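> Model the following, please.
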Amino acid sequence: MTRTAHVTRRRYGPRSTGILMTPEEFDAIPESAFDRRYRYELIHGVFVVSPVPGKSEIDPNQYLGHLLIMHQENHPQGAAIDDTFPEEELSTKTERRRCDRAIWTGLGHPPVPEKDFPSIVIEFVSSRARDRRRDYEEKLAEYLAAGAREYWIIDRFQRIMTVYRSTPDGHTTVVIKEADTYQTDLIPGFVLPLARLLVKSDKWQPKKKSRPRPPAGGAE
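From the prediction side, this is the model:
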């Protein structure tokens, strides 16, 4: 296959957004051609460049990874977790998505990302309306169709986590509130305290400035 001119460019960054591209062309781009200050996806045949997640997403994601690895190493059933990675590129039939975290379970061997689709895919919702729509609608259909057994959406704005579970008849939905914990049969014994993740996110939110109070008794 002859690579097109835009695939052979030396560098990709924000100005590359909007290039029409096939999955094969996207896959042919060498890692060295990407400016790592951004994240890259192929969505509906369009090359999309987005900012990397901010600390309000990175911190809870990092903590979630810590909880998973601690469970994997210390719990009697921790071997159910094969591996977990942040910022994982996922390939579906027509798209190339970058999820916030992927978890592989039940394989019994290290996952082969090009072959083994994650059992659980996780997204931390960002503030942009476009991204929220993709997380709640587009990615839901794509991830479950590609083989994910569960899809977690952690929404620090609504203070909830929504879990979509794949079933033969479609999917079921569970909503976990801030004060609740979540357990899944895919990771026996693992208990996720949602509030702890939200605390990690909250500490990076800008503090509201309080208005100065007028002097007692009014102006002189």
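
> So which helix or strand of the chain has the lowest pLDDT on average?
helix 129-133 (a mean of 82; mean pLDDT, DSSP states H and E).

> check contacts around the spatially most central residue of the chain.
Computing the C-alpha centroid of the chain and ranking residues by Cα atoms, centre = their mean puts Asp100 first, at 2.3 Å. Applying Cβ atoms under 8 Å, 6 or more residues apart in numbering to Asp100 gives the contacts Pro53, Glu57, Asn61, Pro86, Glu87, Ile122, Glu123, Phe124. The C-beta positions use only the backbone N, C-alpha and C, and glycine is treated the same way.

> Quick check: phi and psi at the fifth one.
Yep, that's Glu87 we're talking about. The phi/psi pair for Glu87 (degrees, to the nearest 10) reads phi 50, psi 50.

> if we can go back for a sec, is it possible to get CSV of the contacts of Asp100 that adds secondary structure, pLDDT and neighbour count?
Converted to CSV, the contacts of Asp100 look like this (DSSP: H, G, I helix; E, B strand; the rest coil; pLDDT from 0 to 100; neighbours: other Cβ atoms under 10 Å):
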residue, secondary structure, pLDDT, neighbour count
Pro53, coil, 90, 17
Glu57, helix, 94, 21
Asn61, helix, 97, 22
Pro86, strand, 96, 18
Glu87, strand, 94, 14
Ile122, strand, 98, 24
Glu123, strand, 97, 26
Phe124, strand, 96, 26
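
> can I see the domain layout of the protein?
As assigned by automatic domain parsing, the chain contains the domains 8-51, 55-202.

> before we move on, the earlier item: can you pull the buried residues of the least confident helix or strand of the chain?
By neighbour count, with 16 or more other Cβ atoms under 10 Å as the criterion, the buried positions of helix 129-133 are Arg132.

> likewise stretch 88-97?
Glu88, Glu89, Leu90, Ser91, Thr92, Glu95, Arg96, Arg97.

> host element of the last one?
Which is Arg97. Assigned by DSSP states H and E, Arg97 belongs to strand 96-105.

> same thing with the first one?
Element membership of Glu88 [criterion: DSSP H and E] is strand 81-91.

> coming back round to it: could you check the angle the strand holding Arg97 makes with strand 81-91?
170 degrees (axes from the mean of the first three to the mean of the last three Cα atoms, to 10 degrees).

> for strand 96-105, what is the average pLDDT?
Averaging pLDDT along strand 96-105 gives 96.

> where along the protein do the strands fall?
With DSSP state E as the criterion, the chain has strands at 38-43, 46-51, 81-91, 96-105, 120-124, 150-155, 160-167, 170-177, 181-182, 192-193.

> so which of those gets nearest Leu144?
Distance to Leu144, taken as Cβ to Cβ, is lowest for strand 160-167 among the strands of the chain, at 4.8 Å.

> helices and strands around that closest one, which ones?
helix 139-146, strand 150-155, strand 170-177 (3 or more Cβ pairs under 8 Å, 6 or more residues apart in numbering; DSSP states H and E).

> where are the low-confidence patches of the protein?
1-10, 208-220 (pLDDT under 70).

> switch the cut-off to 50
1-5, 218-220 (pLDDT under 50).

> So which of the helices and strands packed on strand 160-167 is the most surrounded?
Ranked by mean neighbour count, the helices and strands packed on strand 160-167 are led by strand 150-155 with a mean of 23 (mean count of other Cβ atoms under 10 Å).

> could you check the angle strand 160-167 makes with that one?
With the same axes, to 10 degrees applied, the angle from strand 150-155 to strand 160-167 works out at 170 degrees.
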